[in-house]
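In: generate coordinates for the sequence data below:
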Amino acid sequence: MENYSKARVVEQPSACPFPNLSADTPEVRVKDGSKIRNLLRFALSRMEANPRGTEEEQRRPTPDEGSLEGPQEAVGRPLCKQIIFTACGKGVSKAITCAEIVKRRLKGLHQLTKLTYSKVLEVWEPLEPAAGLDSLTVSRNLPAIWILLSKEPLDLDQPGYQAPGRYDALWAQAAGREEGGGVTGQRAGHRRKRGGGGGGGRGKGSGRQSGRSRESGKGQT
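Out: As a prediction, this is how the structure comes out:
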């Protein structure tokens, strides 16, 4: 491919894996270059009655790129009970980050996650058209994620369901393991072992003292 350069990337549309959703459910498509600040501002404006934001965000209500609409266009619409975050490739981690921030902001949200593949077409053009090379189209399957956040309860038997709960539970469990002899206990034992080795050092010190006593005895004689 040294004689080609990537001209464009076309992402093929994929069907939403969540059936029976309301028609007004917003679908936030997260790209690798999307700004999390703009994505969250749009999502919270559709889910929260009085979305809070910084003064800088209120002065610059610019919408994010893609198919999203800015929050100024969402004012006056009824609040949604569900919202979807979707991304593929490098944008997957950013979509997960947005969903987690929304869950911390709006307590009691139910989550349903689906992992799929999205088809992407890469068009490569020759660097020298006069060389007689044709353009190439490469088809790739990229991992994609779909995250549904809902204020209403979802099906508990669905794979990928996550019930609302405390976000500090993981840290509490980690602290409990450390107090019960986990990593902290091992480090403490390692320090005690070093202290035990120090006893040998004290023994050497006593030997040095006896040597000084012998030298003092020689001086007296």
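In: and the helices in the protein?
Out: 36-47, 55-59, 71-74, 92-105, 169-179, 183-220 (DSSP state H).
In: quick one: average pLDDT of the shortest one?
Out: The average pLDDT for helix 71-74 rounds to 42.
In: quick one: the closest residue to residue 152 other than its chain neighbours from residue 139, how far?
Out: Nearest residue to residue 152, sequence neighbours excluded (CB to CB, 6 or more residues apart in numbering): residue 81, at 5.6 Å. C-betas here are computed from N, CA, C, even on glycine. Per CB to CB, to the nearest Å, residue 81 is found 37 Å from residue 139.
In: one step back: quick one, what contacts the residue nearest to residue 152?
Out: 22, 150, 151, 152 (CB atoms under 8 Å, 6 or more residues apart in numbering).
In: next one: residue 86
Out: 16, 27, 28, 29, 30, 95, 144, 145, 146, 147 are the contacts of residue 86 under CB under 8 Å, 6+ apart.
In: packing partners for the strand ranked longest in the chain?
Out: If you go by DSSP state E, the chain has its longest strand at strand 110-126. Applying 3 or more CB pairs under 8 Å, 6 or more residues apart in numbering; DSSP states H and E, we find strand 110-126 packed against strand 4-11, strand 136-150, strand 161-162.
In: do that again at 6 Å, thanks
Out: Here strand 110-126 touches strand 4-11, strand 136-150, going by 3 or more CB pairs under 6 Å, 6 or more residues apart in numbering; DSSP states H and E.
In: so which of the ones you listed comes closest to residue 126?
Out: Taking CB to CB, strand 4-11 is the member of those nearest to residue 126, at 5.8 Å.
In: strand partners (parallel or antiparallel) of the closest one?
Out: strand 110-126 (antiparallel) (DSSP bridges).
In: run through who's touching the strand it pairs with.
Out: 3-4, 6-12, 14, 17, 88, 133, 135-142, 144-150, 153-154, 158, 160-162 (CB atoms under 6 Å, 6 or more residues apart in numbering).
In: so for it, mean pLDDT?
Out: Mean predicted lDDT for strand 110-126 stands at 94.
In: CA atoms only: put it into PDB for me.
Out: Extracted C-alpha coordinates of strand 110-126, given in PDB (Å, rounded to 0.1, in the frame of the first residue of the first chain):
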ATOM      1  CA  HIS A 110     -30.600   1.300  34.400                       C
ATOM      2  CA  GLN A 111     -27.900   0.300  31.900                       C
ATOM      3  CA  LEU A 112     -28.000  -2.200  29.000                       C
ATOM      4  CA  THR A 113     -24.900  -2.800  27.000                       C
ATOM      5  CA  LYS A 114     -24.600  -4.600  23.600                       C
ATOM      6  CA  LEU A 115     -21.300  -5.400  21.800                       C
ATOM      7  CA  THR A 116     -21.500  -5.700  18.000                       C
ATOM      8  CA  TYR A 117     -19.400  -5.100  14.900                       C
ATOM      9  CA  SER A 118     -19.700  -2.200  12.500                       C
ATOM     10  CA  LYS A 119     -18.700  -2.300   8.900                       C
ATOM     11  CA  VAL A 120     -16.300   0.400   7.700                       C
ATOM     12  CA  LEU A 121     -15.200   1.000   4.100                       C
ATOM     13  CA  GLU A 122     -11.800   2.600   3.500                       C
ATOM     14  CA  VAL A 123     -11.200   4.100   0.100                       C
ATOM     15  CA  TRP A 124      -7.600   4.300  -1.100                       C
ATOM     16  CA  GLU A 125      -6.500   6.400  -4.000                       C
ATOM     17  CA  PRO A 126      -3.100   6.000  -5.900                       C
END
